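Asks: pasting the sequence and the predicted coordinates here, then a few questions.
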Amino acid sequence: MRQNFVAGNWKMNLTLPEAQALTSEIVQMLHDEPTSVPAPQVVLCPPFPLLLAVGRLLGESGNPALGAQNFHEKESGAYTGEVSARQLHSVGCQYVILGHSERRQHFREDDALLAQKLKTALAAGLKPIFCVGESLETREANETFDFIGQQLAAGLFHSSKEELSQVVIAYEPIWAIGTGRTASSQQAQEVHAFIRGQVAAAYDAQVAADTTILYGGSCNAQNARELFSQPDVDGGLIGGASLKSRDFVEIIKSF
């Protein structure tokens, strides 16, 4: 079901004491300070070693919820150093990020692998935050829509309606991740509207209306309100700003 939604992707940052302090600050601020009604869904996605400790501080309310940044596509086996979706679910994860541009770029995750990962995540009871987005070269070549359309078709649209209802889509322009550059609210809305239109074409208008679509790309406390005011932008997948409790909570309060 479509909802206001903010996820914090901590990437490979924070020690255990730092993560505990940040989580406690966010939880306390959200308890003390009013947000929109109904409250946005908030998800914290720490590195693997910090999941259990952060989950304990979040409690069992489900908001904020615990999410992971990645997992191996196989259910179990001899894959030294990897983590399975079932293991993530067993320590309290409700969400998992899939297809982040850094995974696609640095670890060569392609659409076929992500399609497999999506099925594995859903089977384990995890809700995927499925990322799509274009490079600067693709945008400058006016191929943004073709590129994102292919990512959606190959990686996501094999899902049933019921499966898709468990998925959050995140648009992350690669040229705006960690660069300080941000898509304008008009650029973000244009791509979000395109994504929603692709969902409608692949399924139907009601499925598209119920799909939550996030913006991820240097979203911060200063620009979140304008971005979130766009009709097809339902929230953000937040990177660097999620590591600062005050900034992250201000983003959550931007609806």
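Replies: Perfect, thanks for sending it. Numbers count the residues shown, from 1 in each chain.
Asks: which stretches of the stretch 51-200 of the chain have low pLDDT?
Replies: Counting by pLDDT under 70, the stretch 51-200 of the chain contains no low-confidence range.
Asks: make it 80
Replies: 177-182 (pLDDT under 80).
Asks: tell me where it has strands.
Replies: 65-68, 95-98, 127-132, 168-171 (DSSP state E, counting those that start in this stretch).
Asks: partners of the longest one in the sheet?
Replies: Translated: strand 127-132. Strand 127-132 has its sheet partners listed here by DSSP bridges as strand 95-98 (parallel), strand 168-171 (parallel).
Asks: adding mean neighbour count and distance to residue 53, write those out as TSV.
Replies: The way it works is simple: take the backbone N, C-alpha and C, and place the C-beta from them, glycine included. Putting those into TSV (neighbours: other C-beta atoms under 10 Å; distance: least, C-beta to C-beta, whole Å) gives the following:
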stretch	mean neighbour count	distance to residue 53
strand 95-98	26	17
strand 168-171	25	24
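Asks: would you confirm that residue 254 contacts residue 230?
Replies: No: counting by C-beta atoms under 8 Å, residue 254 stays clear of residue 230, with 11.9 Å between them.
Asks: ok, these two, which is more surrounded?
Replies: residue 254 (24 against 17; other C-beta atoms under 10 Å).
Asks: wait, what's in contact with that one?
Replies: Contact analysis of residue 254 by C-beta atoms under 8 Å, 6 or more residues apart in numbering lists 221, 224, 225, 228.
Asks: recalculate using a threshold of 10 Å.
Replies: Going by C-beta atoms under 10 Å, 6 or more residues apart in numbering, residue 254 touches 4, 6, 35-36, 40, 219-229, 235-236.
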